[in-house]
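Asker: Predicted structure and sequence below. I'll ask about it afterward.
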Amino acid sequence: MASKFIQELFQKIEKLKVIVVGDVMVDNYITGKVDRLSPEAPVPIVNESDFESRLGGAGNVALNLKALGVNTVLCSSIGVGKEGDNLIALLKKQNLSDLAIHRSKDRSTTTKTRVIGNGHQLVRIDHEVLEDMTTLDSFLLQQHFERELEDADVVIMQDYNKGVLHKGNIETLIEIARKANIPIVVDPKKANFLAYKNVDLFKPNLKEIKEGLNIDTDLTTTEGVTEAIALMHEHLKNKVSMVTMSERGVLVSTADQQYHTKAHIRNISDVSGAGDTVISIAACCLATGCTLKQLSELSNLGGGLVCEEKGVVPISRDRLISEAGRIGL
């Protein structure tokens, strides 16, 4: 049975409005059987049996928040072609609003198509534009962001290095949110790593820390990660650092305290999407005033649960509550 803390926490979470701003994309999956090679080239022939489109990137973060019962707004920029139409259709299918989605004639909608034969991924085909958004597109996105910010409780900046978030608009969006006194949570990538200054929670993984800070520090030890966090804080002045360390769990740190949550022993099926689940839960915990310990433990629990699933699957509110009760959180 869930504790009083968990019950009250999810009552608060259900009242939140979260803005997810960043790179949204479509994940396509072509699945089939392979029993011969092509006579045209030494490649397998996949006899297609299934095709599925899913929301990816920042869209998967939005799906995780929706699964937690959160009022979620996705703020992004996509293309005007058929791929963009497909993404809008996926949003509507999931009952997610498209009112903060800017459609640009200068951009493509990032689409990743995976071909899977006999249970193994054979190839991935990417259709995307990686250049930063134009000044005009950035301004139009900002207008959507400012409108939705009026009654928001927390902002998640979800960066996949696809150009929606870039050095030209990151500082502006952070400044707008700070002036509105809305907490900012960031899931970074290498290109803009050092642009996210003065945010409330910064969540890199170990690879992103190494690449973003350009360091060769040994991150296989807690001491090494702590040293890297200190350097990160020196550059970014963020309030909370949350480092996901795969099978070693999560390390959450502020200027005066640190909390390490070890990973739960699980039957790992697929780690895809775990970071999206972690950032979603962490943002909700931050917005509802959880302690550092509570934020770390619940986020780590959600990230572990999603690893038991095959593919990118959001963890439902009920399952998270049930598991939290089972382990006595």
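Answerer: Noted; the coordinates are in hand. Numbering: from 1, shown residues only.

Asker: Show me the helices in the protein, by range?
Answerer: 4-13, 58-67, 82-93, 135-149, 167-179, 206-213, 222-236, 274-287, 292-306, 317-326 (DSSP state H).

Asker: Just the buried residues of the fourth one, please?
Answerer: So that's helix 135-149. Across helix 135-149, burial judged by 16 or more other Cβ atoms under 10 Å covers Asp137, Ser138, Leu140, Leu141, Gln142, His144, Phe145, Glu148, Leu149. To be clear about C-beta, it is placed using only N, CA and C from the backbone, and glycine gets the same treatment.

Asker: The closest residue to Lys293 other than its chain neighbours pairs with what?
Answerer: When the adjacent residues along the chain are set aside, Lys293 lies closest to Tyr259, with 5.2 Å between them (Cβ to Cβ, 6 or more residues apart in numbering). Taking DSSP bridges as the rule, Tyr259 bridges to Val252.

Asker: From the centroid of the chain, which residue is nearest?
Answerer: Asp276 (3.4 Å; Cα atoms, centre = their mean).

Asker: Contacts only, for that one.
Answerer: Asn60, Val61, Asn64, Gln158, Asp187, Val312, Pro314 (Cβ atoms under 8 Å, 6 or more residues apart in numbering).

Asker: Try it again at 7 Å.
Answerer: The neighbourhood of Asp276, defined by Cβ atoms under 7 Å, 6 or more residues apart in numbering, consists of Asn60, Val61, Asn64.

Asker: do Lys262 as well
Answerer: Here Lys262 is in contact with Gly249 (Cβ under 7 Å, 6+ apart).

Asker: Could you measure from it over to Asn300?
Answerer: Distance, Lys262 to Asn300, using Cβ to Cβ, to the nearest Å: 8 Å.

Asker: Identify the contacts common to the two.
Answerer: Joint contacts of Lys262 and Asn300 (Cβ under 7 Å, 6+ apart) are Gly249.

Asker: Hmm, Arg124 and Lys111 touching each other?
Answerer: Not Lys; residue 111 is Thr. No: the criterion here is Cβ atoms under 7 Å, and Thr111 misses it with Arg124 at 10.7 Å.

Asker: who's more crowded, these two?
Answerer: Thr111 (23 against 12; other Cβ atoms under 10 Å).

Asker: Out of the contacts of Asp276, which end up buried?
Answerer: Counted by 16+ other Cβ under 10 Å, these give Asn60, Val61, Asn64 as buried.

Asker: least trustworthy helix or strand in the chain by mean pLDDT?
Answerer: helix 317-326 (a mean of 80; mean pLDDT, DSSP states H and E).
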